[in-house]
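K.L.:
Compute the structure for the input listed below.
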Amino acid sequence: MEAALIDRKRACAPVFFLEQGPEVEALYAVTNPATHLDFGLSELSDQAIRIYLVGLAFAYRELTDADLRRRALEAAILLVSIRAEKGVVREADWLAYMRFLEDVAKSPRLDVAADTATFPRLNACARSWCELAEKLAAFFAAGADAAGVGNGAGMLTWLIARVTDRRDAEGDGARSWALPALLLLARHGDLGQAEFDWIIRFFRFIVIGEPIWIDPIWLPRFARVLEFRSSWKGGLERCAFHIAGSHVACSDLDADMAANILSAQGGFLEPSEQSMLLKRLDERMKQDRIALYGSQIRDVGCWSKLPDRWLKALESSLDYQLRIMPARATDPLTGVSVIEVTDIAAAHALAASILGRADEKTRSTVVLARYAANHWSYEGLQPLYRALAVALAAQDAFTVSRLLASQQNDALVRSAVLEALTLRASEGLLHDPVFSSAPSYLRLDAMLVAKHLIAQYTFELDKLCEGPAR
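P.N.:
A predicted model of the protein is given here:
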């Protein structure tokens, strides 16, 4: 698997990843998983599941035989479903499965004849224990008609019906599997304003009351890709800017949250509305450290060129933290990687400034690479790698090679740069021009990158700069 990720031309054929995938043959006939053995699949580590799903995604994308491609999807469906605990999918499995479906949606469509089942071999579980994973796989692999829902709105209706059915058993726990699936639908372009309005109301992302409640986690994720109706946008603007005549009392904290949501929605806003948000943020930062406002800057950077003093402050803050923080710092009791919330937000803001404007800055590139290396095991650094990829795309192979050579004593910094290069290498990292005359240790770095890509194979929930460009 690692070899395939860095050198697709000379690695195993796609059918290998199907043949060596999870052993699920005995699961096709299972009607009640509680009364059957799962053949050790529930004991597999999260890393093993990710390895299987990466391989099955390879198989589905590259195989040409329709039946083999269908078997790759079935293996993923059964693997994730049989590992559910008391009927509830494991969160780590589900996020990896969402990433798998994201890859499936980018692959050639699965051909399904009209009036035929998409997965006829899954009849035993398609209306029970594997229904959720099966329905979503059918939708993203073969389309809404093959899934029996008609369109994206139909898929939303089906998912909300499942949440309602499971509410007594799971309570708010159903959000853990419903919201990632809905976010994937939104990013795939299958939902619109009306559906977004329904999601806000059903999941209570905004609750008008005393005080107002605004969801700080999931609402920004949806707001980056779906446009608010005018009623929601107008209410958030009145709260953020304390506009007179609002029927809802908004504290300063509520106003900050409303402004953050509007910033996530920035690509849908008019220039005058964007200017108001920039002015509000700039006024708040005049008497404080700019780096403390990274969480408020990061979405702004996707649709507006950040002032130079903001960028310099973000770069200086991260550079200072990298100099005083022990390399690869971990908590002495838990072994968990130590990461400061304000620092990761500042790193995201710096990355957004590159993603939003494709404005390569050498210092920003080096700082982001060093930061990614220092927090190698942290899962929330995907925006940094995308920003590095954008910055490196503006440089020739000689310049990139010189950057790698300058980090001769730090394998993880080199690996962070190489991981960014994987985003542009369709045939695998080893076919990038920087490897034409690279030292041997760079190939060892490439293997480290392959291991990291598998470990980070999960659905990116906070994906910056994915909305419309104005």
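K.L.:
What is the end-to-end distance of stretch 370-387?
P.N.:
In stretch 370-387, first residue to last residue: 13 Å (C-alpha to C-alpha, to the nearest Å).
K.L.:
Same question for stretch 243-260.
P.N.:
Stretch 243-260: ends 17 Å apart by C-alpha to C-alpha.
K.L.:
Helices of the stretch 1-150 of the chain, start to end?
P.N.:
2-6, 14-19, 46-62, 66-82, 91-106, 131-142, 144-147 (DSSP state H, counting those that start in this stretch).
K.L.:
From the contact counts, what lies against the host helix or strand of S263?
P.N.:
S263 belongs to helix 252-264 when assigned by DSSP states H and E. For helix 252-264, the packing partners by 3 or more C-beta pairs under 8 Å, 6 or more residues apart in numbering; DSSP states H and E come out as strand 213-214, helix 218-223, helix 230-240, helix 271-285, helix 294-297. Any C-beta I mention is one placed from the backbone N, CA and C, and that applies to glycine too.
K.L.:
For S364, which of the ones you listed is the nearest?
P.N.:
helix 294-297 (13.5 Å; C-beta to C-beta).
K.L.:
a markdown table please, covering the helices and strands packed on helix 252-264 and showing mean pLDDT, mean neighbour count and distance to L63.
P.N.:
Formatted as a markdown table, these follow (pLDDT from 0 to 100; neighbours: other C-beta atoms under 10 Å; distance: least, C-beta to C-beta, whole Å):
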| stretch | mean pLDDT | mean neighbour count | distance to L63 |
| --- | --- | --- | --- |
| strand 213-214 | 91 | 17 | 46 |
| helix 218-223 | 97 | 23 | 33 |
| helix 230-240 | 92 | 18 | 44 |
| helix 271-285 | 93 | 15 | 46 |
| helix 294-297 | 92 | 22 | 43 |
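K.L.:
Output those in TSV, with distance to S401 appended to each entry.
P.N.:
Listed next are these as TSV, based on distance: least, C-beta to C-beta, whole Å:
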stretch	distance to S401
strand 213-214	48
helix 218-223	37
helix 230-240	47
helix 271-285	38
helix 294-297	31
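K.L.:
between these, which one is nearest to T422?
P.N.:
Closest approach to T422 among these is made by helix 218-223 (24.6 Å; C-beta to C-beta).
K.L.:
so how far is the helix holding S263 off the chain centroid?
P.N.:
Offset of helix 252-264 from its chain centre (C-alpha atoms, centre = their mean, to the nearest Å): 22 Å.
K.L.:
same deal with stretch 191-201?
P.N.:
Here the centre of stretch 191-201 is set off from its chain's centre by 20 Å, with C-alpha atoms, centre = their mean.
K.L.:
on that earlier part again, would you format the helices of the stretch 1-150 of the chain as TSV with mean pLDDT and mean neighbour count included?
P.N.:
Shown next, in TSV, are the helices of the stretch 1-150 of the chain (pLDDT from 0 to 100; neighbours: other C-beta atoms under 10 Å):
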stretch	mean pLDDT	mean neighbour count
helix 2-6	94	20
helix 14-19	96	18
helix 46-62	97	21
helix 66-82	97	23
helix 91-106	97	21
helix 131-142	97	24
helix 144-147	95	19
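K.L.:
Export the ones you listed as CSV, with columns for distance to S176.
P.N.:
As requested, the helices of the stretch 1-150 of the chain are exported to CSV (distance: least, C-beta to C-beta, whole Å):
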stretch, distance to S176
helix 2-6, 28
helix 14-19, 28
helix 46-62, 15
helix 66-82, 14
helix 91-106, 5
helix 131-142, 12
helix 144-147, 22
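K.L.:
what's the closest of the ones you listed to H348?
P.N.:
helix 91-106 (19.0 Å).
K.L.:
Return that closest one as CSV; C-alpha atoms alone will do.
P.N.:
Provided in CSV are the C-alpha atoms of helix 91-106 (Å, rounded to 0.1, in the frame of the first residue of the first chain):
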residue,chain,number,x,y,z
GLU,A,91,-16.6,7.4,14.6
ALA,A,92,-13.1,6.7,13.4
ASP,A,93,-14.4,4.1,11.0
TRP,A,94,-17.1,6.4,9.7
LEU,A,95,-14.8,9.3,9.1
ALA,A,96,-12.4,7.0,7.2
TYR,A,97,-15.4,5.7,5.2
MET,A,98,-16.5,9.2,4.4
ARG,A,99,-13.0,9.8,3.0
PHE,A,100,-13.4,6.6,1.0
LEU,A,101,-16.7,7.8,-0.4
GLU,A,102,-15.1,11.1,-1.3
ASP,A,103,-12.6,9.2,-3.4
VAL,A,104,-15.3,7.1,-4.9
ALA,A,105,-17.2,10.2,-5.9
LYS,A,106,-14.1,11.4,-7.8
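K.L.:
among the helices and strands packed on helix 252-264, which is nearest E85?
P.N.:
The minimum distance between E85 and those falls on helix 218-223, with 22.9 Å, by C-beta to C-beta.
K.L.:
what does the closest one contact?
P.N.:
With contact meaning C-beta atoms under 8 Å, 6 or more residues apart in numbering, helix 218-223 is reached by 175, 179, 182-183, 186, 196, 199-200, 203, 205-206, 260-261, 264-265, 299, 461-463.
K.L.:
So which of these are in helices?
P.N.:
175, 179, 182-183, 186, 196, 199-200, 260-261, 264 (DSSP state H).
K.L.:
who wins for most neighbours among these?
P.N.:
Among the ones in helices among the contacts of helix 218-223, L182 has the most neighbours (other C-beta atoms under 10 Å), with 28 neighbours.
K.L.:
roughly how far apart are that residue and F196?
P.N.:
From L182 across to F196, the span is 10 Å (C-beta to C-beta, to the nearest Å).
K.L.:
just A258 next, same as before
P.N.:
Taken as C-beta to C-beta, the span from A258 to F196 is 17 Å.
K.L.:
One more: V207?
P.N.:
16 Å.
K.L.:
now the helix ranked longest in the chain: how far from the chain's centre is it?
P.N.:
Criterion DSSP H: the longest helix present in the chain is helix 152-170. Distance of helix 152-170 from its chain centroid, counting by C-alpha atoms, centre = their mean, is 22 Å.
K.L.:
again, but for stretch 77-95
P.N.:
19 Å.
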